[in-house]
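J.: could you look at this predicted model? Sequence included:
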Amino acid sequence: MKYVVANWKMNKTISEGIEFVSMLKKENLPDDIVKTIIAPSFISINPIFEIIKNTKISLASQNVFYEEEGPYTGEISPLMLRSAGCEYAIIGHSERRILFNESNEIIFKKYISSKKNLLIPIICFGEKYEEYKKGATISVINDQLELFNNENNIIFAYEPVWSIGTGLIPKMNEIQNVIDYVKNKIKNSVVLYGGSVNLKNIEELAKIEVIDGYLVGGASLDLNNFKEIIIKSSC
Ligand code: 13P
(Lines give C-alpha, C1' and ligand atoms only; values in the text may rest on other atoms or scores of the structure.)
Protein backbone atom coordinates (compact mmCIF):
# COMPACT_ATOMS: atom_id res chain seq x y z
CA MET A 1 0.00 0.00 0.00
CA LYS A 2 1.25 3.48 -0.88
CA TYR A 3 0.22 6.62 0.98
CA VAL A 4 -0.47 9.97 -0.64
CA VAL A 5 -1.02 12.72 1.91
CA ALA A 6 -2.23 16.22 1.02
CA ASN A 7 -0.78 18.71 3.47
CA TRP A 8 -2.84 21.81 2.77
CA LYS A 9 -0.93 23.82 5.38
CA MET A 10 -2.71 27.14 6.10
CA ASN A 11 -4.75 27.07 2.90
CA LYS A 12 -8.43 26.56 1.99
CA THR A 13 -11.49 27.74 3.88
CA ILE A 14 -14.04 25.20 5.12
CA SER A 15 -16.18 25.60 1.98
CA GLU A 16 -13.17 25.30 -0.34
CA GLY A 17 -12.11 22.13 1.47
CA ILE A 18 -15.61 20.68 1.22
CA GLU A 19 -15.77 21.46 -2.48
CA PHE A 20 -12.41 19.77 -3.09
CA VAL A 21 -13.24 16.51 -1.31
CA SER A 22 -16.77 16.41 -2.77
CA MET A 23 -15.15 16.31 -6.22
CA LEU A 24 -12.28 14.03 -5.19
CA LYS A 25 -14.59 11.35 -3.85
CA LYS A 26 -16.35 11.13 -7.23
CA GLU A 27 -13.06 10.24 -8.94
CA ASN A 28 -12.16 6.67 -9.65
CA LEU A 29 -9.14 6.53 -7.34
CA PRO A 30 -6.87 3.45 -7.14
CA ASP A 31 -7.77 3.05 -3.49
CA ASP A 32 -6.78 -0.62 -3.27
CA ILE A 33 -3.22 0.49 -3.94
CA VAL A 34 -3.06 4.04 -2.61
CA LYS A 35 -4.31 5.33 0.73
CA THR A 36 -5.36 8.93 0.19
CA ILE A 37 -5.16 11.18 3.24
CA ILE A 38 -6.15 14.84 3.45
CA ALA A 39 -4.62 17.10 6.11
CA PRO A 40 -6.73 20.28 6.17
CA SER A 41 -6.72 22.95 8.89
CA PHE A 42 -8.14 21.86 12.25
CA ILE A 43 -11.45 23.63 11.68
CA SER A 44 -12.06 21.82 8.39
CA ILE A 45 -11.47 18.32 9.73
CA ASN A 46 -14.97 17.59 10.95
CA PRO A 47 -16.89 19.22 8.06
CA ILE A 48 -14.70 17.27 5.62
CA PHE A 49 -15.17 14.06 7.60
CA GLU A 50 -18.92 14.40 7.06
CA ILE A 51 -18.31 14.33 3.29
CA ILE A 52 -15.79 11.48 3.13
CA LYS A 53 -16.91 9.23 5.96
CA ASN A 54 -18.24 6.50 3.68
CA THR A 55 -15.21 6.52 1.39
CA LYS A 56 -11.65 5.19 1.65
CA ILE A 57 -10.25 8.72 1.97
CA SER A 58 -8.87 9.46 5.45
CA LEU A 59 -8.05 12.58 7.41
CA ALA A 60 -4.90 13.77 9.14
CA SER A 61 -4.30 16.78 11.34
CA GLN A 62 -1.27 18.98 10.62
CA ASN A 63 -0.33 19.07 14.30
CA VAL A 64 -1.57 17.84 17.69
CA PHE A 65 -0.79 18.57 21.35
CA TYR A 66 0.64 15.95 23.71
CA GLU A 67 -1.60 16.55 26.72
CA GLU A 68 -5.00 14.86 26.78
CA GLU A 69 -6.99 17.75 28.31
CA GLY A 70 -6.57 20.75 30.59
CA PRO A 71 -5.48 24.39 30.67
CA TYR A 72 -3.63 24.56 27.31
CA THR A 73 -5.26 27.48 25.55
CA GLY A 74 -5.35 27.06 21.80
CA GLU A 75 -4.20 23.45 21.71
CA ILE A 76 -5.99 20.33 20.44
CA SER A 77 -5.65 16.83 21.89
CA PRO A 78 -5.42 13.51 20.05
CA LEU A 79 -8.76 12.46 21.51
CA MET A 80 -10.49 15.61 20.23
CA LEU A 81 -9.07 14.98 16.78
CA ARG A 82 -10.29 11.42 16.79
CA SER A 83 -13.73 12.56 17.86
CA ALA A 84 -13.75 14.83 14.79
CA GLY A 85 -13.07 11.90 12.43
CA CYS A 86 -9.32 12.27 12.15
CA GLU A 87 -7.22 9.06 11.90
CA TYR A 88 -3.67 10.40 11.42
CA ALA A 89 -1.58 13.29 12.77
CA ILE A 90 1.36 14.90 10.99
CA ILE A 91 3.93 15.55 13.72
CA GLY A 92 7.21 17.47 13.58
CA HIS A 93 6.81 19.14 10.20
CA SER A 94 9.82 21.39 9.58
CA GLU A 95 7.55 24.43 9.57
CA ARG A 96 6.59 23.54 13.14
CA ARG A 97 10.16 22.75 14.12
CA ILE A 98 11.47 26.04 12.70
CA LEU A 99 8.61 28.56 13.11
CA PHE A 100 7.21 27.19 16.38
CA ASN A 101 10.42 25.89 17.97
CA GLU A 102 9.28 22.29 18.28
CA SER A 103 12.11 20.21 19.67
CA ASN A 104 12.78 16.51 19.17
CA GLU A 105 11.50 15.99 22.75
CA ILE A 106 8.19 17.76 22.07
CA ILE A 107 7.77 15.82 18.84
CA PHE A 108 8.37 12.55 20.66
CA LYS A 109 5.82 13.46 23.34
CA LYS A 110 3.27 14.19 20.63
CA TYR A 111 4.07 10.83 19.04
CA ILE A 112 3.59 8.92 22.33
CA SER A 113 0.35 10.69 23.16
CA SER A 114 -1.08 10.18 19.68
CA LYS A 115 -0.27 6.49 19.69
CA LYS A 116 -1.80 6.06 23.14
CA ASN A 117 -4.99 7.71 21.88
CA LEU A 118 -5.05 5.68 18.64
CA LEU A 119 -4.27 8.59 16.36
CA ILE A 120 -1.68 7.34 13.85
CA PRO A 121 1.40 9.59 13.85
CA ILE A 122 3.23 10.60 10.67
CA ILE A 123 6.64 11.80 11.87
CA CYS A 124 8.48 14.32 9.67
CA PHE A 125 12.22 14.78 9.55
CA GLY A 126 14.79 16.20 7.16
CA GLU A 127 17.93 18.28 6.85
CA LYS A 128 18.45 21.96 6.00
CA TYR A 129 20.35 23.06 2.90
CA GLU A 130 23.65 23.88 4.69
CA GLU A 131 23.52 20.44 6.30
CA TYR A 132 22.88 18.78 2.96
CA LYS A 133 25.74 20.67 1.36
CA LYS A 134 28.09 19.63 4.16
CA GLY A 135 27.15 15.97 3.66
CA ALA A 136 25.59 15.92 7.14
CA THR A 137 22.17 14.57 6.11
CA ILE A 138 22.45 11.19 7.84
CA SER A 139 23.90 12.62 11.03
CA VAL A 140 21.10 15.24 11.24
CA ILE A 141 18.49 12.56 10.69
CA ASN A 142 20.13 10.40 13.29
CA ASP A 143 19.75 13.20 15.85
CA GLN A 144 16.17 13.95 14.85
CA LEU A 145 15.15 10.29 15.18
CA GLU A 146 17.26 9.31 18.16
CA LEU A 147 14.32 9.18 20.55
CA PHE A 148 12.57 6.74 18.21
CA ASN A 149 15.38 4.17 18.30
CA ASN A 150 13.44 1.68 20.39
CA GLU A 151 10.18 2.11 18.51
CA ASN A 152 8.89 0.27 15.47
CA ASN A 153 5.98 0.37 13.02
CA ILE A 154 6.16 4.11 12.44
CA ILE A 155 5.05 6.14 9.43
CA PHE A 156 7.74 8.72 8.64
CA ALA A 157 7.98 11.46 6.05
CA TYR A 158 11.43 12.44 4.82
CA GLU A 159 11.16 16.11 3.90
CA PRO A 160 14.45 17.88 3.19
CA VAL A 161 13.78 21.46 4.36
CA TRP A 162 15.46 22.90 1.27
CA SER A 163 13.15 20.97 -0.98
CA ILE A 164 9.89 22.29 0.49
CA GLY A 165 8.20 24.73 -1.85
CA THR A 166 11.37 25.29 -3.92
CA GLY A 167 10.96 22.89 -6.85
CA LEU A 168 14.29 21.29 -5.88
CA ILE A 169 14.52 17.64 -4.91
CA PRO A 170 17.48 15.47 -3.86
CA LYS A 171 18.98 13.02 -6.32
CA MET A 172 17.12 9.75 -6.51
CA ASN A 173 19.98 7.80 -4.91
CA GLU A 174 20.12 10.32 -2.04
CA ILE A 175 16.43 9.79 -1.29
CA GLN A 176 16.92 6.04 -1.53
CA ASN A 177 19.89 6.15 0.90
CA VAL A 178 17.93 8.08 3.53
CA ILE A 179 14.94 5.80 3.26
CA ASP A 180 17.10 2.67 3.45
CA TYR A 181 18.87 4.11 6.48
CA VAL A 182 15.61 4.82 8.34
CA LYS A 183 14.05 1.49 7.45
CA ASN A 184 17.14 -0.26 8.74
CA LYS A 185 17.17 1.72 11.95
CA ILE A 186 13.46 1.51 12.82
CA LYS A 187 11.92 -1.84 12.07
CA ASN A 188 8.74 -2.06 10.03
CA SER A 189 8.74 1.63 9.29
CA VAL A 190 6.96 3.19 6.36
CA VAL A 191 8.77 6.15 4.81
CA LEU A 192 7.11 8.75 2.61
CA TYR A 193 8.96 11.43 0.67
CA GLY A 194 7.88 15.08 0.74
CA GLY A 195 9.29 18.24 -0.81
CA SER A 196 8.21 19.69 -4.17
CA VAL A 197 6.40 16.53 -5.26
CA ASN A 198 4.57 17.47 -8.45
CA LEU A 199 3.42 16.14 -11.80
CA LYS A 200 6.85 16.74 -13.33
CA ASN A 201 8.75 14.52 -10.90
CA ILE A 202 6.20 11.97 -9.66
CA GLU A 203 7.00 9.39 -12.34
CA GLU A 204 10.70 9.55 -11.55
CA LEU A 205 10.01 9.36 -7.80
CA ALA A 206 7.65 6.42 -8.30
CA LYS A 207 10.60 4.42 -9.68
CA ILE A 208 12.24 4.45 -6.23
CA GLU A 209 10.81 1.24 -4.87
CA VAL A 210 11.57 1.94 -1.21
CA ILE A 211 9.38 5.06 -1.17
CA ASP A 212 6.07 4.19 0.46
CA GLY A 213 4.29 7.33 -0.67
CA TYR A 214 4.34 11.12 -0.70
CA LEU A 215 3.54 14.06 1.52
CA VAL A 216 2.41 16.70 -0.95
CA GLY A 217 2.14 20.42 -0.19
CA GLY A 218 1.57 22.93 -2.98
CA ALA A 219 0.57 20.39 -5.64
CA SER A 220 -2.16 19.00 -3.38
CA LEU A 221 -4.12 22.26 -3.45
CA ASP A 222 -5.25 21.70 -7.02
CA LEU A 223 -7.70 18.84 -7.49
CA ASN A 224 -6.43 17.71 -10.89
CA ASN A 225 -2.78 17.78 -9.86
CA PHE A 226 -3.51 15.88 -6.69
CA LYS A 227 -5.66 13.29 -8.45
CA GLU A 228 -2.93 12.70 -11.07
CA ILE A 229 -0.31 12.31 -8.34
CA ILE A 230 -2.49 9.66 -6.67
CA ILE A 231 -2.93 7.83 -9.97
CA LYS A 232 0.76 8.02 -10.89
CA SER A 233 1.76 6.77 -7.43
CA SER A 234 -0.15 3.58 -8.09
CA CYS A 235 1.84 2.70 -11.25
P1 13P B 1 5.64 21.29 -1.13
O2 13P B 1 5.07 20.06 -1.78
O3 13P B 1 4.83 22.54 -1.38
O4 13P B 1 7.09 21.44 -1.41
O5 13P B 1 5.51 21.05 0.46
C6 13P B 1 5.98 19.89 0.98
C7 13P B 1 5.54 19.78 2.38
O8 13P B 1 5.99 20.52 3.25
C9 13P B 1 4.51 18.77 2.69
O10 13P B 1 4.38 18.60 4.05
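T.: Looks like it came in fine.
J.: okay, and the beta partners of Val191?
T.: On the basis of DSSP bridges, Val191 takes part in beta bridges with Phe156.
J.: give me the number of residues near it?
T.: The number of residues packed near Val191 is 24, by other Cβ atoms under 10 Å. Every residue, glycine included, has its C-beta placed from N, CA and C.
J.: just checking, it touches Glu159?
T.: No. Using Cβ atoms under 8 Å, Val191 is not in contact with Glu159, being 10.8 Å away.
J.: the ligand contacts on the protein?
T.: Residues of the chain lying close to the ligand (Cβ under 6 Å from any ligand atom) are 7, 93, 159, 164-165, 194-197, 215-219.
J.: nearest to the ligand among those residues?
T.: Closest approach between the residues of the chain next to the ligand and the ligand, by Cβ to the nearest ligand atom: Gly217, at 2.2 Å.
J.: give me every residue that touches the spatially closest residue to that closest one that is not a sequence neighbour.
T.: In space, and not counting its chain neighbours, Gly217 is closest to Asn7: 5.2 Å by Cβ to Cβ, 6 or more residues apart in numbering. If you count contacts by Cβ atoms under 8 Å, 6 or more residues apart in numbering, Asn7 has them with Ala39, Gln62, Ile90, His93, Gly194, Leu215, Val216, Gly217, Ser220.
J.: counting neighbours, what do you get for the second one?
T.: Pointing back at Gln62 there. 19.
J.: can you check the first one too?
T.: For Ala39, the tally of surrounding residues (other Cβ under 10 Å) stands at 27.
J.: so Ala219 sits right up against Phe226, yeah?
T.: Yes. Using Cβ under 8 Å, Ala219 is in contact with Phe226, at 6.6 Å.
J.: show me what the helix or strand containing Glu228 is packed against.
T.: Element membership for Glu228, per DSSP states H and E: helix 223-233. Applying 3 or more Cβ pairs under 8 Å, 6 or more residues apart in numbering; DSSP states H and E, one finds that helix 223-233 contacts strand 2-7, helix 14-24, strand 34-39, helix 202-205, strand 213-216.
J.: now that helix and strand 34-39, what's the angle there?
T.: Comparing the axes of helix 223-233 and strand 34-39 via axes from the mean of the first three to the mean of the last three Cα atoms, to 10 degrees yields an angle of 140 degrees.
J.: in helix 223-233, what counts as buried?
T.: Asn225, Phe226, Lys227, Ile229, Ile230, Ile231, Lys232, Ser233 (16 or more other Cβ atoms under 10 Å).
J.: just checking, which of the residues of the chain next to the ligand belong to strands?
T.: Cross-referencing the residues of the chain next to the ligand against strands under DSSP state E gives Asn7, Gly194, Leu215, Val216.
J.: how about the third one, nearest residue that isn't a chain neighbour?
T.: Spatial nearest neighbour of Leu215, excluding adjacent residues (Cβ to Cβ, 6+ apart): Gly194 at 3.2 Å.
J.: can you tell me how far the closest residue to Trp8 other than its chain neighbours sits from His93?
T.: Leaving aside its sequence neighbours, Trp8 sits nearest to Pro40 (Cβ to Cβ, 6+ apart; 5.1 Å). Pro40 is 14 Å from His93, where distance means Cβ to Cβ, to the nearest Å.
J.: re earlier: quick one, which of the residues of the chain next to the ligand are buried?
T.: 7, 93, 159, 164, 194-197, 215-219.
J.: no further questions, thank you.
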